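>>> one predicted model, sequence on top.
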Amino acid sequence: MASDAIYHHLIPQTYMKPWCFGEKTIWVYDKSLQEWQERNIEKICGIKYYHSIRAGSIYTTPKALNEIWGFLTPYHISLDGVPLDTLEKLNEKYSSFDSWEIYYPKGAKVNKADRNKIKSAIEQAKFNDIEEQWSVQFENGWADLIADINQALIDIHGKKPIALTEEAASILMRYFVMFNWRSFSGNEQFNETLQAVDSIIQLSSISIPETERQLSLCGTALDEMRHNLLIKQFDDYQSGKGLLFEHQKFLQKNCTFVFHLAPQGHSFITSDNPCFSFTRADGLIEPFLVALPQLAFSLVKKDPNSPYNYTICELSESELHKYNAQIFSHSVNLILNNRQIDISSLQ
């Protein structure tokens, strides 16, 4: 049965928890307001029903269609004399609901009260399998995985006879892809592609009235298209296929890890965009993910002669500061476990 979750975290609570200074309390620095806020991780870094498929969604699935529209199967419904006799047609013509002709199974026209009940049921229907699968496939295992990897790296760095397993490295790459695509900013190449398309067909110039938006943040046709394309890719990824899955395979084939350990007594900050790429001083692109206050990692091209090698480095304070400055520049809101940081030094 689908989850009934309302507030869908783009950045999972289990990811943010290591930065908490209470059980679920965290410091957030809002860059636009230039102010500190004490927040509960249950109520930040998410959007209501973000991963839901709803009535009228551009992307949908057979299961979602049945969950939302299945109760209308016994009714006889048409629009301008044309039967809406499949769940797909009902979903496609949902925006014209007020013009639907709806009849009970025995042929009588549906009365106003029942018509209102039908409309209310459709409006309230949410198919949340994607949100549920994020928890099952990713969120529930993140804390244990990254804690184990962090301890293994510390032991390896300390010359203990232990190794990071190929399986753990593969799972970690899967999380990298998830964080890269699921955050508020999203995957850079995907965004650039949409911008290139928009420069030709100008979907961003088509406004969507507030009363017709499925999500309040989808103010234009481009926003709506981007959101539905992402929902499709998220659904595919959870089934082991699609663009994100191909991205993961490409990274596993071509990239390995550089693990960065924060110097003792210092830590990485994080944000609502913990995984991103930036251009280094030498002109190379560095894909980067903050994993824990003590640990982050980058992806680099594999050495074909040593494809299973990876690097562990303990950062100096100045190197840590440079990474924190990159985290700051790629964020909207910073996430920290204390306020003892000079924000101006990161700008």
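Structure received. Numbers count the residues shown, from 1 in each chain.
>>> distance of residue 322 from residue 22?
Counting by C-beta to C-beta, to the nearest Å, the separation of residue 322 from residue 22 is 30 Å. (Each C-beta comes from the backbone N, C-alpha and C, glycine too.)
>>> those two: which is more packed in?
residue 322 (14 against 10; other C-beta atoms under 10 Å).
>>> now do the same for the helix or strand hosting the more buried one: mean pLDDT, whole number.
Using DSSP states H and E, residue 322 falls within helix 317-329. For helix 317-329, mean pLDDT is 97.
>>> repeat for stretch 257-277
Per-residue pLDDT over stretch 257-277 has a mean of 96.
>>> how far away from the center of its chain is it?
Centre-to-centre, stretch 257-277 and its host chain are 19 Å apart (C-alpha atoms, centre = their mean, to the nearest Å).
>>> what of stretch 82-92?
31 Å.
>>> alpha carbons of that stretch, as CSV, please.
Extracted C-alpha coordinates of stretch 82-92, given in CSV (Å, rounded to 0.1, in the frame of the first residue of the first chain):
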residue,chain,number,x,y,z
VAL,A,82,-16.7,11.3,-26.3
PRO,A,83,-16.5,8.4,-23.8
LEU,A,84,-13.7,8.6,-21.2
ASP,A,85,-13.6,4.9,-21.0
THR,A,86,-10.1,4.3,-19.8
LEU,A,87,-8.1,5.4,-16.8
GLU,A,88,-5.6,7.1,-19.1
LYS,A,89,-8.4,9.2,-20.7
LEU,A,90,-9.8,10.2,-17.4
ASN,A,91,-6.3,11.4,-16.3
GLU,A,92,-5.7,13.2,-19.6
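>>> for it, buried residues please.
Buried positions in stretch 82-92, judged by neighbour count with 16 or more other C-beta atoms under 10 Å: 84, 87, 89, 90, 91.
>>> and what of stretch 319-339?
Buried-residue list, stretch 319-339, by 16+ other C-beta under 10 Å: 320, 323-324, 326-328, 330-331, 333-337.
>>> span of that stretch from start to end?
20 Å (C-alpha to C-alpha, to the nearest Å).
>>> what does stretch 284-298 give?
12 Å.
>>> quick one: average pLDDT of that stretch?
97.
>>> what's the answer for stretch 131-151, then?
Mean per-residue pLDDT for stretch 131-151: 95.
>>> give me the buried positions along that stretch.
Residues of stretch 131-151 classed as buried by neighbour count (16+ other C-beta under 10 Å): 131, 132, 133, 134, 135, 138, 139, 142, 145, 146, 149, 150.
>>> again, but for stretch 12-31
Going by neighbour count (16+ other C-beta under 10 Å), the buried part of stretch 12-31 is 12-16, 18-20, 26-29, 31.
>>> gap between it and the chain center?
On C-alpha atoms, centre = their mean, the centre of stretch 12-31 falls 17 Å from the chain's centre.
>>> between the two ends of that stretch, how far is it?
End to end - C-alpha to C-alpha - stretch 12-31 spans 21 Å.
>>> neighbouring contacts of that stretch?
Residues outside stretch 12-31 that contact it (C-beta atoms under 8 Å, 6 or more residues apart in numbering): 35-42, 44-45, 134, 138-140, 142-143, 179, 270, 274, 292-293, 328, 331-339, 343.
>>> mind doing that once more with 7 Å?
Applying C-beta atoms under 7 Å, 6 or more residues apart in numbering, the contact partners of stretch 12-31 are 36-42, 44-45, 139, 142-143, 270, 292-293, 331-339, 343.
>>> next one: stretch 100-113
Stretch 100-113 is contacted from outside by 74, 75, 76, 77, 78, 79, 115, 118, using C-beta under 7 Å, 6+ apart.
>>> average pLDDT for that stretch?
Taken as a whole, stretch 100-113 has a mean pLDDT of 96.
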